[in-house]
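Starting from these lines, generate the structure:
(chains A and B, ligands or ions: 2)
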Amino acid sequence: MTQNDAFISIRNVNKFFGKFQAIADVSIDIQHGEFFSLLGSSGCGKTTLLRMLAGFESPTSGEIYIDGQPMSDVPPHHRPVNMVFQSYAIFPHLNVRDNIAYGLRKQKLARAKRYEMVDEMLELIKLPDYGDRKANELSGGQRQRIALARSLILRPKVLLLDEPLGALDKQLREQMQLELRALQKTVGITFVFVTHDQEEALTLSDRIAVMAQGRDLQVDTPTRLYENPVNRDVASFIGTMNFFDGTVSAINDGIAKVDAVGLGEVRAGNVPSGLRPGQSVCLAVRPEKLTVSENAPEAGSNARGLLENAAYLGERSHYYVRVDGVSQPVAVSAQNRQRADGKAEDKRPVWLSWDENAFVVLEDG
Amino acid sequence: MTGQITPAPDHATALPRTGRIGMLLQRSEAARGYSLLTPTLLIMTIGILVPFGILVTMSFWTQAGFGFDTALTTANYEKAAERPIYGALLTRSLKMSAMATIATVLLSYPMAYFVAFHVHRNKMMWIVLITLPFWTSYLLRVFAWKVVLGYEGVINSFLMTLGLIEAPLEFLLYSQSAVVITLAHAWAAFAILPMYVSLEKIDRSLLEAATDLGDGPMARFLRITLPLSMPGVISASLLIFIPTTGDYITPALLGGPDGAMIGNLIQKQFGAINDWPMGAALSIILMLSIGAIALGFMAATNFVRKRIS
Ligand SMILES: Nc1ncnc2c1ncn2[C@@H]1O[C@H](COP(=O)(O)OP(=O)(O)O)[C@@H](O)[C@H]1O
Ligand SMILES: [Mg+2]
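Numbering: from 1, shown residues only, chains lettered A, B, ... in the order given. Ligands and ions are numbered 1, 2, ... in the order given. Predicted coordinates:
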């Protein structure tokens, strides 16, 4: 039995393909009804982990529990999960109706009842009247929905989705993201969603596991992943991040004062457990939490730098500021509230400033 | 069909200079298609249509002594319909080669399945091994079966040494079963290869999807693997059924009187009996029967395939 009440519990799972370790000691708990994403670059082991949940691969060591039951002896066709494959795997010799009804055969329902359920599903995925179409008469987005319906009709406890939107063009993908999220709320099934697209993960998920090289780096809500990444890998995988080295000078009242190279004293809004004064740490700040100005700011924390490069992107501009002692230019992103005058802006001394809670201390690395 | 691919004028100058025919070929896909087909069409015409025309014409002639009476008549066809021996031989041939076809497909399917799904390395080597029997001549293989099935052959002497039988099993050689066994073995590779190709083509994620949707191995095989490999099974069946029905070497060597097939009779018409028009008429009848059965078979499988899904 699991030690907690998680609906899916992945406990110390390792997976080797020969000598290659695809999954390294992963432990993740997923709650009932959650929209949970596995996020990571290609080859980090997302599909492998998902396939172990579905039962197509078995862990080399460790155990997976679903609804309290250990899964190691349960074959894929007896697991309370269904999967939407990356390639959709629509059966080419069946029409849409029979594709969706495929898994119902075991339930020994009357044909009329089966078709009624299929019609409900077709309604749900907004493809009524498509029942008689052949699989090869469908577009990518339609195939994707049919793969979804084929799984959902079985009312699984968990739906596994392997990059289901990866093959769609941008516009359709964004539309399907909204629909998927709404659908998940409607049916109330736990979704485990694999993606390499951080924006997609942030938009859709209740919680996200960021993975790299077979490990789970951080499991958290989208907001916390963005605002409080635990280490450099997570911080740089999700959005853009500036990093600074520093030494902790004092800790009071949940605020760490850090002496940062190139910036002077910086206050960080988080204090990871085990942080001690005198420890050297890595500080991180998002580009949009910094401000660039030509004149010295009146108040608040600030530092001097040299504007190296500016990119005007319409809605916003990106500035790259060289700060003494910092190897990479500091990225700053600013909303263009005033009309830009188009003057050449680089190679000028500027001021960087920031608010109290802009910086975070990374827990490791 | 011309002018579908019209190069933009400013590109035309950049193209290498080609003659008028070259231009035509570039312009019209149909022309290009026909020109590619020409050699095949020529061979088909000369090698198939011409002899076929001769055969059809001759089947309406009659034999007169050592020459032909070229007055057109359906006498041969009437004779074939009246005399029961022809019909009996034809039915037996169709039955025997149907049996050979079924036996071959049933024996070859697991083989094709095994290579497609369970061999991961050296697939090519397995394919080569499957075709290995074809490296010897057909006659040699038939004689080899004679050695295996004969009165003092491998099977009989083995069983007698074991004391399981007193006298040699006579039904083994010079019988219909001998012909069916030999045909099934001789044509196995023609069955394995098309079935292997269609099994190999099946997307593995379809099988996983079926499992994921609750199918055990057997249900999955019947609902996904078998229907999707049906094209291979059909082409294998036709590929074996069509040539074996008219075979005459195997029944001549192994069939004995019981195992004679229509091919033997046709061969005799052109040889010992020396009635070529009758032989021609029998060939045409055989061809039509095979054609009708093949069409019916394809229609039936199509219908079944629509049903199981
Ligand atoms: N069946 C397998 N045999 C050997 N290596 C595999 C197998 N499946 C996956 N891998 C390897 O495991 C790693 C993770 O693969 P995968 O889980 O598909 O990554 P992702 O889905 O995150 O892109 C990859 O390096 C891949 O090459
Ligand atoms: Mg993948």
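
The host helix or strand of residue A:201 near ligand 1 anywhere?
Per DSSP states H and E, residue A:201 falls inside helix A:198-204. No - counting by Cβ under 6 Å from any ligand atom, ligand 1 is not contacted by helix A:198-204; separation bottoms out at 12.9 Å. C-beta here means a position set from N, CA and C on the backbone, and glycine is covered the same way.

Report the secondary structure state of residue B:134.
helix (DSSP: H, G, I helix; E, B strand; the rest coil).

Could you find the closest non-adjacent residue to it?
residue B:189 (5.9 Å; Cβ to Cβ, 6 or more residues apart in numbering or on different chains).

returning to that earlier point: who are the packing partners of the helix holding residue A:201?
Counting contacts by 3 or more Cβ pairs under 8 Å, 6 or more residues apart in numbering or on different chains; DSSP states H and E, helix A:198-204 is packed against strand A:35-39, helix A:170-187, strand A:190-195, helix A:222-227.

what does it rub up against?
A:35, A:37, A:39, A:165, A:173, A:177, A:180-181, A:193, A:195, A:208, A:222, A:225-226, A:237-239 (Cβ atoms under 8 Å, 6 or more residues apart in numbering or on different chains).

redo that, cut-off 6 Å
A:35, A:37, A:39, A:177, A:181, A:195, A:208, A:222, A:238 (Cβ atoms under 6 Å, 6 or more residues apart in numbering or on different chains).

Point out the residues in the stretch 101-250 of chain A that sit beside chain B.
For the stretch 101-250 of chain A, the residues in contact with chain B (Cβ under 6 Å from any Cβ of the partner chain) are A:102, A:103, A:106.

ok but residue A:305 is inside a strand, no?
Yes - when three-state DSSP is applied, residue A:305 is found to be in a strand.

Can you report how many residues neighbour it?
24 (other Cβ atoms under 10 Å in any protein chain shown).

I'd like to know the beta-bridge partner residues of it.
Assessed by DSSP bridges, residue A:305 has beta-bridge partners residue A:350.

residues in contact with it?
Counting by Cβ under 6 Å, 6+ apart, residue A:305 touches A:321, A:322, A:323, A:350, A:352.

Please list the residues outside stretch B:194-205 that contact it.
In contact with stretch B:194-205 (Cβ under 6 Å, 6+ apart) are residues A:85, A:87, A:89, B:109, B:112-113, B:115-116, B:228-229, B:231-232, B:235-236.

So is it next to ligand 1?
No - taking Cβ under 6 Å from any ligand atom as the criterion, stretch B:194-205 and ligand 1 are apart, separated by no less than 11.0 Å.

roughly how far is that stretch from the heart of the chain?
21 Å (Cα atoms, centre = their mean, to the nearest Å).

Repeat that for stretch B:113-124.
25 Å.

Other residues contacting the strand or helix carrying residue B:218?
According to DSSP H and E, residue B:218 maps onto helix B:217-220. For helix B:217-220, contacts defined as Cβ under 6 Å, 6+ apart pick out residue B:210.

looking at the helices and strands packed on helix A:198-204, which is buried most?
When those are scored by mean count of other Cβ atoms under 10 Å in any protein chain shown, the highest mean neighbour count falls to strand A:35-39 (a mean of 26).

quick one, that strand and helix A:170-187 angle?
For strand A:35-39 against helix A:170-187, the angle by axes from the mean of the first three to the mean of the last three Cα atoms, to 10 degrees is 140 degrees.

Which neighbours in the sheet does strand A:35-39 have, and how are they oriented?
When DSSP bridges is applied, strand A:35-39 pairs with strand A:190-195 (parallel), strand A:207-212 (parallel).

Show me what the helix or strand containing residue A:267 packs onto, helices and strands only.
Using DSSP H and E, residue A:267 falls within strand A:264-268. Here strand A:264-268 touches strand A:255-260, going by 3 or more Cβ pairs under 6 Å, 6 or more residues apart in numbering or on different chains; DSSP states H and E.

Distance from the chain centre to the strand it packs on, please.
Counting by Cα atoms, centre = their mean, strand A:255-260 comes out at 29 Å from the chain centroid.

any residues touching that strand, and which ones?
So strand A:255-260 is contacted by A:244, A:246-250, A:265-268, A:271, A:283, A:361 (Cβ under 6 Å, 6+ apart).

tell me the mean pLDDT for it?
Mean pLDDT, strand A:255-260: 90.

List the strands paired with it, with their directions.
Assessed with DSSP bridges, strand A:255-260 is paired to strand A:242-252 (antiparallel), strand A:264-268 (antiparallel).

quick one: which of the ones you listed is nearest residue A:139?
Across the strands paired with strand A:255-260, the minimum distance to residue A:139, taken as Cβ to Cβ, is reached by strand A:242-252, at 42.3 Å.

Give me the buried positions along the closest one.
Buried residues in strand A:242-252, counting neighbours by 16 or more other Cβ atoms under 10 Å in any protein chain shown, are found at A:242, A:243, A:244, A:245, A:246, A:248, A:251.

all strands in chain B, in order from the N-terminus.
B:62-64, B:67-69 (DSSP state E).

tell me the most buried of these?
strand B:62-64 (a mean of 16).

Please tell me how far it is from the chain's geometric centre.
33 Å.

That one pairs with which strands, and in what direction?
Here, using DSSP bridges, strand B:62-64 pairs with strand B:67-69 (antiparallel).

For the partner strand, report the contacting residues that lie outside it.
Strand B:67-69 is contacted from outside by B:61, B:62, using Cβ under 6 Å, 6+ apart.

got the contact list for the residue lying closest to residue B:247 once chain neighbours are set aside?
In space, and not counting its chain neighbours, residue B:247 is closest to residue B:263: 5.4 Å by Cβ to Cβ, 6+ apart. Taking Cβ under 6 Å, 6+ apart, we find residue B:263 in contact with B:246, B:247, B:248.

per-residue pLDDT, the second one?
If I follow you right, that is residue B:247. On the pLDDT scale, residue B:247 gets 90.

how many neighbours does it have?
24.

Phi, psi for it please.
Residue B:247 adopts backbone torsions of phi -60, psi 140, taken as degrees, to the nearest 10.

mind giving me the domain ranges of chain B?
B:16-59, B:85-308 (automatic domain parsing).

Could you look over those and pick the most buried one?
Buried most deeply of the domains of chain B, by mean count of other Cβ under 10 Å, is domain B:85-308, with a mean of 18.

Run the chain-centre distance for it.
With Cα atoms, centre = their mean, you get 9 Å for domain B:85-308.

cool, stretch B:63-82 as well?
Distance, stretch centre to chain centre, for stretch B:63-82: 30 Å (Cα atoms, centre = their mean).

go on, stretch A:142-150?
22 Å.

Helix, strand, or coil at residue A:22?
strand.

and it, what is it in contact with?
Going by Cβ under 6 Å, 6+ apart, the list of residues near residue A:22 reads A:15, A:45, A:48, A:214.

Kind regards, and thank you for your time.
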